[in-house]
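Undergrad: Return a 3D structure for these sequence lines:
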Amino acid sequence: MSAGTPFQFLDQDLLLLPQKAIYWQQEKALLAADVHFGKVGHFRKAGIAIPRNMEQDDLAVLSDLIHEYRPEKLIFLGDLFHSDMNNDWDWFVLWRSQFPRLQIVLIKGNHDIISDNHYTNLGITLHKELTMGPFLMLHHPLPDPEVKAEGGYVLCGHIHPGVSLVGRGRQSVTLPCFAFGKNQAILPSFGKFTGKVAILSRKADKVFGVLKDKVIAIG
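TA: Predicted coordinates:
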């Protein structure tokens with residue numbers, strides 16, 4: 001398993017992982033945003049040919065992280081399942097059965113439209129927002145990042161952030177990134193089948209680009 005990049009922030013020890021998740025040491029919590037399980041099934045149902053194993057790959061990565069870091073909590077920052085129920089849900093139910101003692105929390109996102117009962121039957125706790133330590137867990141970023149949220153420093157997802165790097169030969173690459181601003185941090189999308197967008201960071205931001213096997217500080 002690839003090593004993460006330690007980042008001490010607000011007196012908390014965070015490990016930024018190249019699997020595009022965060023391990024929060026004080027809370028023994030693993031955080032991931034925008035997994036979008038079921039997106040493959042959604043597209044295949046519409047007749048678009050997508051490899052079936054992409055969903056299982058994301059579940060396998062989650063399993064590897066759980067076995068390595070042994071978190072007590074797994075917190076999804078929204079968009080856990082891409083759309084309505086499809087055959088990929090069965091894979092998720094099977095995966096959940098392998099970790100019956102793991103506390104799983106879902107901060108509901110705009111794509112999380114499956115009935116709450118399906119989640120609660122799997123022992124998954126649902127929230128619109130959740131304050132934990134110095135952090136406020138949301139799905140959507142703050143509408144005005146210059147205004148601090150009452151619940152604390154925001155950890156969120158939704159926009160699938162990336163950062164564009166330009167080389168000496170003017171070649172460019174866009175990397176998924178963790179973007180820490182003044183009042184909020186936006187996590188990269190965990191799911192492989194999600195895409196990414198380029199963002200502009202303010203001078204005060206701390207941006208960490210995600211490579212295949214490491215996370216690097218960019219600004």
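Undergrad: For the nearest residue in space to Tyr119 that is not next to it in sequence, what is the enclosing helix or strand?
TA: Closest residue to Tyr119 apart from its sequence neighbours, by CB to CB, 6 or more residues apart in numbering: Leu126 at 5.8 Å. Backbone N, C-alpha and C define where each C-beta goes, glycine included. According to DSSP states H and E, Leu126 maps onto strand 124-127.
Undergrad: which helices and strands does that strand pack with?
TA: For strand 124-127, the packing partners by 3 or more CB pairs under 8 Å, 6 or more residues apart in numbering; DSSP states H and E come out as strand 103-107, helix 116-120.
Undergrad: Describe which strands that strand pairs with in its sheet and in which direction.
TA: Sheet pairing of strand 124-127 (DSSP bridges) gives strand 103-107 (parallel).
Undergrad: Can I get the helices and strands packed on strand 124-127 in TSV including distance to Arg70?
TA: Output for the helices and strands packed on strand 124-127, formatted as TSV (distance: least, CB to CB, whole Å):
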stretch	distance to Arg70
strand 103-107	13
helix 116-120	23
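Undergrad: Ranking those by mean neighbour count, which comes first?
TA: Comparing the helices and strands packed on strand 124-127 by mean neighbour count (mean count of other CB atoms under 10 Å), strand 103-107 comes out on top with a mean of 20.
Undergrad: Can I get that one in CSV? Just the C-alpha atoms.
TA: The C-alpha trace of strand 103-107 is given here as CSV (Å, rounded to 0.1, in the frame of the first residue of the first chain):
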residue,chain,number,x,y,z
GLN,A,103,-19.2,2.5,11.8
ILE,A,104,-20.2,4.0,8.4
VAL,A,105,-21.6,7.6,8.1
LEU,A,106,-23.0,9.1,5.0
ILE,A,107,-23.3,12.9,4.6
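Undergrad: wait, which of the helices and strands packed on strand 124-127 is closest to Ala217?
TA: Proximity to Ala217 (CB to CB) singles out strand 103-107 among the helices and strands packed on strand 124-127, at 26.5 Å.
Undergrad: quick one on the thing from earlier: could you dump the helices and strands packed on strand 124-127 to a markdown table with distance to Lys148 and mean pLDDT?
TA: Converted to a markdown table, the helices and strands packed on strand 124-127 look like this (distance: least, CB to CB, whole Å; pLDDT from 0 to 100):
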| stretch | distance to Lys148 | mean pLDDT |
| --- | --- | --- |
| strand 103-107 | 19 | 97 |
| helix 116-120 | 30 | 94 |
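Undergrad: can you point me to the longest helix in this protein?
TA: For the chain, the longest helix by residue count, based on DSSP state H, is helix 53-69.
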